[in-house]
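Participant: got a structure for you, letters missing:
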């Protein structure tokens, strides 16, 4: 090609082509910063929580964890502890009962009941008189028998529970619930008279036995 020819086209300039990835990077640097991937270590630490180690489980055991660790030896130890505790309680109870028997002289339930009745009668006389109060005058004594129409007498030997049930049944059949209620109250009064007499005899016997044991 001749340089003297003015109509000829100038020579083309050779330009080195950059890769498409570099062009995109040079054209939009802001988009690259926006979608830049985070390091793998940072992502893992933000998405996953730290798992407790075995030492943490050992320092803070739960009930299920303790049950999972239970073995036959632990069960035997618990059984031994329960046996020892039961034995100690039994020995203590036996010692207390033996001490009370030795101090009071009552070695049976009946003797202890008589002793408590005697002690109550001697030390709590106003209360016992109030609870086991008998008829104070002739009017009250007659009032206790006026509604007992089927042979309820004043003597304690005549009163029996089997006969009292028959009388209450007969009263219900003849007079209904109202008449049965009145007869039941009188039967209770008759039973109370018998109980008062029995308690007075027991107290008298206990007082006599104590007076005999007391040296003159």
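Facilitator: Perfect, I can see it now. Quantities reported herein were computed from a predicted structural model and do not represent experimental measurements.
Participant: contacting residues around residue 179?
Facilitator: 171, 172 (C-beta atoms under 8 Å, 6 or more residues apart in numbering). Quick note: C-beta positions are derived from backbone N, CA and C, even for glycine.
Participant: Remind me which helix or strand it belongs to.
Facilitator: For residue 179, the host element (DSSP states H and E) is helix 161-213.
Participant: Just give the number of residues close to residue 121.
Facilitator: Other residues near residue 121 number 20, with proximity taken as other C-beta atoms under 10 Å.
Participant: That one touches residue 204, doesn't it?
Facilitator: No: at 9.8 Å, residue 121 does not count as touching residue 204 under the criterion of C-beta atoms under 8 Å.
Participant: Mutual contacts of those two, please.
Facilitator: Common neighbours of residue 121 and residue 204 are not found (criterion: C-beta under 8 Å, 6+ apart).
Participant: Contact partners for residue 205?
Facilitator: residue 114.
Participant: Show the model's pLDDT score for it.
Facilitator: pLDDT, residue 205: 77.
Participant: any idea how far it is from residue 108?
Facilitator: 15 Å (C-beta to C-beta, to the nearest Å).
Participant: And for residue 196?
Facilitator: According to C-beta to C-beta, residue 196 and residue 108 sit 24 Å apart.
Participant: the more surrounded of the two?
Facilitator: Neighbour count, other C-beta under 10 Å: between residue 196 and residue 108, residue 196 has more, with 16 against 9.
Participant: what about the chain, any weak spots by pLDDT?
Facilitator: 1-70, 128-158, 213-216 (pLDDT under 70).
Participant: Repeat the analysis, applying 80 as the threshold.
Facilitator: Low-confidence segments of the chain (pLDDT under 80): 1-73, 117, 120-161, 182, 186, 189-193, 195-216.
Participant: quick one, helices of it?
Facilitator: In the chain, the segments counted as helices under DSSP state H are 20-27, 29-34, 40-47, 54-59, 63-68, 72-104, 109-123, 125-131, 138-143, 161-213.
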